[in-house]
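**Q** Show me how the following folds:
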Amino acid sequence: MKIDAASEAVISYLGAKATFIDSSGNVPVNSSGAPVGVPANVQIATLIIVAELYKNREGQPENMVDAPHGYAYLNRAAVSLLYPLRDPALS
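**A** Purely as a prediction, here's the structure:
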């Protein structure tokens, strides 16, 4: 369930730049369940978010981007990986 939540957070953050999802909003997977066509930096950012969700189950996260910047729910490392892919005007 945490991987699903992290995946949704990444897709939400990327907005229209999440071109790796299909028309139904899902990430295509191969026969072994691995994502197809998802850039490596997106996969790593998702895993960083999953690790943060496990590490901070009490809701007191560390290394978060400040709320005034608009992405308060993502870890700084995840944002640094995803930001180059994002188009803020469309997200």
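
**Q** Please make it C-alpha for all contacts and neighbour counts, starting now.
**A** Will do.

**Q** Buried residues, the helix ranked longest in the chain. List them.
**A** Longest among the helix segments of the chain by residue count, using DSSP state H, is helix 40-55. For helix 40-55, the neighbour count (16 or more other Cα atoms under 10 Å) marks 42, 43, 45, 46, 47, 48, 49, 50, 52, 53 as buried.

**Q** How about residues contacting stretch 40-55?
**A** By Cα atoms under 8 Å, 6 or more residues apart in numbering, the list of residues contacting stretch 40-55 from outside reads 2-3, 6-7, 10, 61, 74-75, 77-79, 81-82.

**Q** Just name the lowest-scoring one in those, pLDDT-wise.
**A** Lowest pLDDT within the contacts of stretch 40-55 is found at residue 61 (60).

**Q** from the contacts of stretch 40-55, which would you call buried?
**A** Among those, those classed as buried by 16+ other Cα under 10 Å are 6, 7, 10, 74, 75, 78, 79, 81, 82.

**Q** got the contact list for the second one?
**A** Read it as residue 7. residue 46.

**Q** Go through the contacts of stretch 40-55 and flag which are in helices.
**A** Short answer: the contacts of stretch 40-55 in helices (DSSP H) are 2, 3, 6, 7, 10, 77, 78, 79, 81, 82.
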